[in-house]
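# Sequence and predicted structure, then a few things I'm wondering about:
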Amino acid sequence: AIKTAGKSAPEFDLAPVYSNRSAAFLKLKKVKQALADAEMCIKLKPEWQKSHFRKGCALEAGDDAQGAVESFKAALALDAGNQEISYKIKTLEQKLKGKSNFSFKANPVKEAPKSEGAASGATASGVPWDPQWLKTSGDTTLPAPERLNAVNNTGNFLNEHLMAYLEKTPGDGPWFFEDKNVAAMMEAGAVDSMLGVIVHSLCFIISVEQAGGETNPQIAESASAAMDLAAASTGVIHNLLHPVLRGWQTRPMKMQLLGALMKVLTLPGTPITLAPNTDIKPSQEMSNFLAHAGKLLANKEAFDHLVSHDLLMRARLMMLRAFVNVNNGLDKAEWTDKATQSARTLCLLQRCKAAGGWEKALDTICSTEGAAAFHKEVGSIMEQHNILTSAFTKFGFKASVGI
């Protein structure tokens with residue numbers, strides 16, 4: 001319609017066309033095209049609320065919450081009382097309030113020794129990363145203040161890299177996880193280390209509450225220290241999830257690969273989808289599963305994308321979102337199933353990454369014992385992330401990572 005309208009057509013007649021095409025582009029997740037059409041719509045018909053509404057929707061999809069709020073307010077000014085626009089403004093403003101990154105306490109940090117395995121880079125403050133921070137964080141035999149100091153040092157180090165990333169437009173230049181120093185921390189197990197601290201700390205707090213130990217000053221002090229540890233560790237994971245939310249739409253190849261793999265992992269009659277402790281035997285369904293999985297994972301470029309830290313974090317984020325929906329009273333069976341799918345995907349990809357290839361990782365689950373071990377690991381991952389969901393809720397991080 002846009003191409004055939006002709007030069008003689010009145011300009012304002014084209015505004016609805018651009019508006020509709022903007023909406024269509026957005027459904028196809030083509031955010032840049034949707035935004036361009038919305039801006040043309042405003043140029044043609046600035047007094048029409050839908051012109052500004054389309055721009056707000058495009059900016060929201062591009063994770064520009066502040067810009068989206070401004071556009072929605074412009075739309076509301078032209079259509080006072082519009083409940084849909086009012087709701088969007090309210091939701092985004094709540095999101096913006098919680099969007100600031102978790103603030104870690106400044107600690108006196110000794111310069112890390114140059115040791116084997118240490119990251120060579122440093123933050124703008126000149127403090128290099130010390131692998132010992134993760135070891136200290138998870139060592140339950142050490143005093144809580146020493147562990148908290150290590151968690152805060154980890155958080156401060158990552159936070160400087162995150163702030164530098166947030167100053168860039170999503171999609172421009174290297175992604176947060178492509179920074180060699182961030183990658184080094186991820187390879188060293190930053191997420192699992194922080195998850196371990198959270199699970200241990202919250203379980204300790206729960207046990208104290210159940211036993212009525214908070215009336216004992218010494219135990220209450222220990223529980224308070226555990227709470228500080230859990231909050232700081234949750235802040236680290238929050239800041240690792242945030243870049244996945246912000247930049248994911250700019251990585252269409254990764255989006256497609258993750259979706260394709262998750263679809264393969266739902267095929268019936270496989271060690272992944274059969275009930276735990278099922279006797280695993282060769283079958284046509286098994287062959288079909290291995291063929292489809294191999295087609296994806298045997299490609300080196302696809303494999304590297306699938307086991308990248310950003311994609312693994314995306315699987316974690318999807319799991320958290322599913323657990324939030326379960327806790328919010330939505331269809332429990334549906335969202336538990338989605339959480340399970342995400343956990344299975346995360347588990348398999350972590351195994352592939354650890355093995356350095358897909359064949360060995362899949363071979364280990366193609367037996368009765370191997371499948372049972374896989375299901376047990378998936379169950380453990382789900383328990384950890386269900387606790388992490390509770391931590392995100394307790395410490396007020398849900399809205400800022402879109403869950």
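Cool, got the structure.
# Next, the distance between the ends of stretch 241-257.
End-to-end distance of stretch 241-257 (C-alpha to C-alpha, to the nearest Å): 19 Å.
# and that stretch, which residues are buried?
Across stretch 241-257, burial judged by 16 or more other C-beta atoms under 10 Å covers 241-251, 254, 257. Yep, even glycine has a C-beta here, placed from its N, CA and C like the rest.
# For that stretch, give the mean pLDDT please.
Per-residue pLDDT over stretch 241-257 has a mean of 81.
# go on, stretch 318-326?
91.
# Low-confidence regions, the chain specifically.
1-13, 94-95, 97-128, 170-174, 213-215, 246-247, 398-403 (pLDDT under 70).
# send the alpha carbons of stretch 50-67 over as PDB?
Provided in PDB are the C-alpha atoms of stretch 50-67 (Å, rounded to 0.1, in the frame of the first residue of the first chain):
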ATOM      1  CA  LYS A  50      -1.600   5.900  17.900                       C
ATOM      2  CA  SER A  51       1.500   7.400  16.200                       C
ATOM      3  CA  HIS A  52       3.100   7.900  19.600                       C
ATOM      4  CA  PHE A  53       1.700   4.700  21.000                       C
ATOM      5  CA  ARG A  54       3.400   2.700  18.200                       C
ATOM      6  CA  LYS A  55       6.700   4.400  19.000                       C
ATOM      7  CA  GLY A  56       6.300   3.600  22.700                       C
ATOM      8  CA  CYS A  57       5.700  -0.100  21.900                       C
ATOM      9  CA  ALA A  58       8.800  -0.200  19.700                       C
ATOM     10  CA  LEU A  59      11.000   1.400  22.300                       C
ATOM     11  CA  GLU A  60       9.600  -0.900  25.000                       C
ATOM     12  CA  ALA A  61      10.500  -3.900  22.800                       C
ATOM     13  CA  GLY A  62      14.000  -2.500  22.400                       C
ATOM     14  CA  ASP A  63      14.300  -2.200  26.200                       C
ATOM     15  CA  ASP A  64      14.300   1.600  26.200                       C
ATOM     16  CA  ALA A  65      11.900   1.900  29.100                       C
ATOM     17  CA  GLN A  66      12.500   5.600  29.600                       C
ATOM     18  CA  GLY A  67      11.900   6.500  25.900                       C
END
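# Check what contacts it and list those residues.
Stretch 50-67 is contacted from outside by 15-16, 19, 22-23, 26, 29, 31-32, 34-35, 37-39, 41-42, 44-45, 68-72, 74-75, 78, 85, 88, 92, 95-96, 99, 170, 245-247, 249, using C-beta atoms under 8 Å, 6 or more residues apart in numbering.
# Give me the buried positions along it.
50-65, 67.
# and after the helix or strand where Val324 lies, which helix or strand comes next?
Under the criterion of DSSP states H and E, Val324 resides in helix 309-327. Using DSSP H and E, the next helix or strand after helix 309-327 towards the C-terminus is helix 332-355.
# in that next one, what counts as buried?
335, 338-353.
# other SSEs contacting it?
Secondary-structure packing of helix 332-355 (3 or more C-beta pairs under 8 Å, 6 or more residues apart in numbering; DSSP states H and E): helix 252-264, helix 300-306, helix 309-327, helix 358-363, helix 368-394.
# Tell me which of these sits nearest to Ala231.
helix 368-394 (8.0 Å; C-beta to C-beta).
# Would you mind measuring from the closest residue to Ala74 other than its chain neighbours to Leu317?
In space, and not counting its chain neighbours, Ala74 is closest to His52: 4.1 Å by C-beta to C-beta, 6 or more residues apart in numbering. His52 sits 30 Å away from Leu317, going by C-beta to C-beta, to the nearest Å.
# report the longest helix in this structure, please.
helix 217-247 (DSSP state H).
# distance between that helix and the chain's centre?
Centroid separation for helix 217-247 versus its chain: 16 Å, with C-alpha atoms, centre = their mean, to the nearest Å.
# Please work out the angle formed by the directions of it and helix 309-327.
Orientation of helix 217-247 against helix 309-327 (axes from the mean of the first three to the mean of the last three C-alpha atoms, to 10 degrees) gives an angle of 120 degrees.
# and the nearest residue to His385 once chain neighbours are set aside, how many residues sit next to it?
In space, His385 comes closest to Met319 once its chain neighbours are excluded; the distance is 4.8 Å by C-beta to C-beta, 6+ apart. Burial measure for Met319: 26 neighbouring residues, criterion other C-beta atoms under 10 Å.
# Quick check, Met319 in contact with Arg344.
No - using C-beta atoms under 8 Å as the test, Met319 is too far from Arg344 to be in contact (10.0 Å).
# Need the residues touching each of these two.
Counting by C-beta under 8 Å, 6+ apart, nothing touches both Met319 and Arg344.
# Lys189 reaches Leu134, doesn't it?
Not quite, residue 189 is Gly, not Lys. Yes - contact criterion C-beta under 8 Å: Gly189 and Leu134 qualify, at 6.3 Å.
# ok but the residue nearest to Ala74 is inside a helix, no?
Yes - secondary structure of His52 (DSSP: H, G, I helix; E, B strand; the rest coil): part of a helix.
# Now do it against Leu59, distance only.
Here the distance between His52 and Leu59 works out to 10 Å (C-beta to C-beta).
# Equivalent analysis for Asn152, please.
34 Å.
# what does Pro145 give?
Distance from Pro145 to Leu59, by C-beta to C-beta: 43 Å.
# residues near Asp331, how many?
Neighbour tally, Asp331, other C-beta under 10 Å: 11.
# hang on, the earlier thing: quick check: the farthest pair among the buried residues of stretch 241-257?
It's His242 and Leu257 that sit farthest apart of the buried residues of stretch 241-257, by C-beta to C-beta, at 21.7 Å.
# mind listing the helices in the stretch 101-250 of the chain by residue range?
Along the stretch 101-250 of the chain, the segments classed as helices by DSSP state H, counting those that start in this stretch run 132-138, 144-166, 180-187, 190-211, 217-247.
# So which elements touch the second one?
Using 3+ C-beta pairs under 8 Å, 6+ apart as the contact criterion, the elements in contact with helix 144-166 are helix 132-138, helix 180-187, helix 190-211, helix 217-247.
# Just the element for the residue nearest to Lys45 when sequence neighbours are not counted, please.
Distance criterion C-beta to C-beta, 6+ apart; nearest residue to Lys45, sequence neighbours excluded, is Ala15 at 3.7 Å. In this assignment (DSSP H and E), Ala15 forms part of helix 15-27.
# Sounds good, over and out.
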